[in-house]
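Colleague: Okay, here's the prediction I keep looking at, along with the sequence it came from:
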Amino acid sequence: METYDYIIAPFECPYCGYEEEEYEWQTDALHNLLYSTKVGEQIISDGLVIYDGEIEIQTICEGCGEFVRCWIKIRDGKLTDEISCEPNDVDHEYEGFEVSGRFADELKRMMEKREPRE
């Protein structure tokens, strides 16, 4: 069974216009341990702090049932509420930096304390 992480961010369906202020998107671009990350929180994935870029997020719209694939922007190491739903052939990248030493250990402890979703 494949697992995801969750991104809590605004949602507006590009197909039917259904909207929610705090919507639960899925992503497999991070830990895949059922963690939740909200807009404004730092993005850390396997010892890498993602500083700038975008990650893919996806969901099934509760309004119309369509599969929605989008990208959410990361700026200055934090998740923003900027979401783009461009065609699937667009290449998206992100920049990050590797974390090591004491700071890496501290980040690892922080991530281990986060409660996985049930």
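Modeller: Yep, it's here. On a predicted model such as this, the values are computed, not experimentally measured, just so you know.
Colleague: All the strands of the protein, in order from the start?
Modeller: 5-12, 19-27, 36-38, 44-45, 48-60, 67-75, 78-84, 94-98 (DSSP state E).
Colleague: in the second one, what counts as buried?
Modeller: When you say that, I think you mean strand 19-27. Across strand 19-27, burial judged by 16 or more other C-beta atoms under 10 Å covers Tyr23, Trp25, Gln26, Thr27. Where C-beta positions appear, they are placed from N, C-alpha and C, glycine not excepted.
Colleague: next one: the first one
Modeller: Residues of strand 5-12 classed as buried by neighbour count (16+ other C-beta under 10 Å): Asp5, Tyr6, Ile7, Ile8, Ala9, Phe11.
Colleague: From the contact counts, what lies against that strand?
Modeller: Judged by 3 or more C-beta pairs under 8 Å, 6 or more residues apart in numbering; DSSP states H and E, strand 5-12 is in contact with strand 19-27, strand 36-38, strand 48-60, strand 67-75, strand 78-84.
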